[in-house]
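> heads up, no residue letters with this:
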């Protein structure tokens, strides 16, 4: 566990939903040691992610949610590495918009613990940005990987299909702001933050968002 580390790869591509398309940069997170890793959000470039993994065993490809910019490279990365793609089942309708002919290999569930390099990664179901959105808490690393649920400065967007503002606020309040204040928030896009930095602003987000 002492050798477990977090690596960040930024990949670029597009996000498409509800008839619109936007250029985006995504954070791909690689968690593990010199022998085995997990990838959180296989975005845009399977070859680049596979190069970053190198000759280490890829235990799983964890999808924080199924918007296309977070899963577009997941099947290709699975083909390259043999690793299973894991997704919360409530995001299957979104997944099928991008990959109609290929299902994920396994499901994520609230409270499930994935283990890599002796480190436990706890799945937190945090719907709102998407119905099957999850965050991944690594208490031994003082980190939570929040996908697009919580960013530096507030909640993820809820203005498009399959999203709901009161639900994301509820998820953040109950599942994320209860984590230790020093927990580093590693996001799906942009800069990191901490729970302690974000927690005092919950009411501001509520006032701004409804």
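Received, thanks. Predicted, not measured: the structure shown is a model, and the values here were computed from it.

> Tally up the residues packed near residue 59, please.
21 (other C-beta atoms under 10 Å). Yep, even glycine has a C-beta here, placed from its N, CA and C like the rest.

> element containing it, please.
Using DSSP states H and E, residue 59 sits within strand 57-62.

> Helices of this protein, start to end?
Taking DSSP state H as the criterion, the chain carries its helices at 46-53, 68-71, 74-81, 92-98, 165-171, 195-198, 202-209.

> which of the residues in the fourth one are buried?
I take that to be helix 92-98. Across helix 92-98, burial judged by 16 or more other C-beta atoms under 10 Å covers 94, 95, 98.

> Closest one of the residues you listed to residue 115?
Nearest to residue 115 among the buried residues of helix 92-98: residue 95, at 24.5 Å, using C-beta to C-beta.

> so how far is residue 166 from the closest one?
24 Å (C-beta to C-beta, to the nearest Å).

> same deal with residue 19?
25 Å.

> okay, the two: which has more neighbours?
The neighbour comparison of residue 19 against residue 166 (other C-beta under 10 Å) goes to residue 166, with 12 against 6.

> And the pLDDT at that one?
At residue 166, the model reports a pLDDT of 97.

> Could you do residue 95 as well?
So, for residue 95, pLDDT stands at 98.

> so it touches residue 87, yeah?
Yes - counting by C-beta atoms under 8 Å, residue 87 is a contact partner of residue 95 at 6.1 Å.

> between the two, what contacts are shared?
Residues touching both residue 95 and residue 87 by C-beta atoms under 8 Å, 6 or more residues apart in numbering: 63, 66, 71, 104.

> where exactly do the strands run in the protein?
Using DSSP state E, the strands found in the chain span residues 5-17, 20-32, 36-40, 57-62, 85-87, 106-107, 113-116, 119-125, 134-138, 143-147, 150-151, 154-155, 184-187, 193-194.

> buried set for the fourth one?
Of all the residues in strand 57-62, those buried under the rule 16+ other C-beta under 10 Å are 58, 59, 60, 61, 62.

> quick one: least confident helix or strand in the protein?
Least confident helix or strand, the chain: helix 202-209 with a mean of 94, by mean pLDDT, DSSP states H and E.

> What helices and strands are in contact with it?
strand 154-155, helix 165-171 (3 or more C-beta pairs under 8 Å, 6 or more residues apart in numbering; DSSP states H and E).

> Quick check: which of the ones you listed is buried the most?
Highest mean neighbour count of the helices and strands packed on helix 202-209: strand 154-155, a mean of 22 (counted as mean count of other C-beta atoms under 10 Å).

> I'd like the average pLDDT over that strand.
Mean pLDDT, strand 154-155: 98.

> returning to what we had before: dump the shared contacts of residue 95 and residue 87 to TSV, plus neighbour count.
Output for these, formatted as TSV (neighbours: other C-beta atoms under 10 Å):
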residue	neighbour count
63	28
66	26
71	26
104	23
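
> low pLDDT regions in this structure?
1-2, 210 (pLDDT under 70).

> For residue 120, which of the helices of the chain is the nearest?
Of all these, it is helix 195-198 that lies closest to residue 120, at 18.2 Å by C-beta to C-beta.
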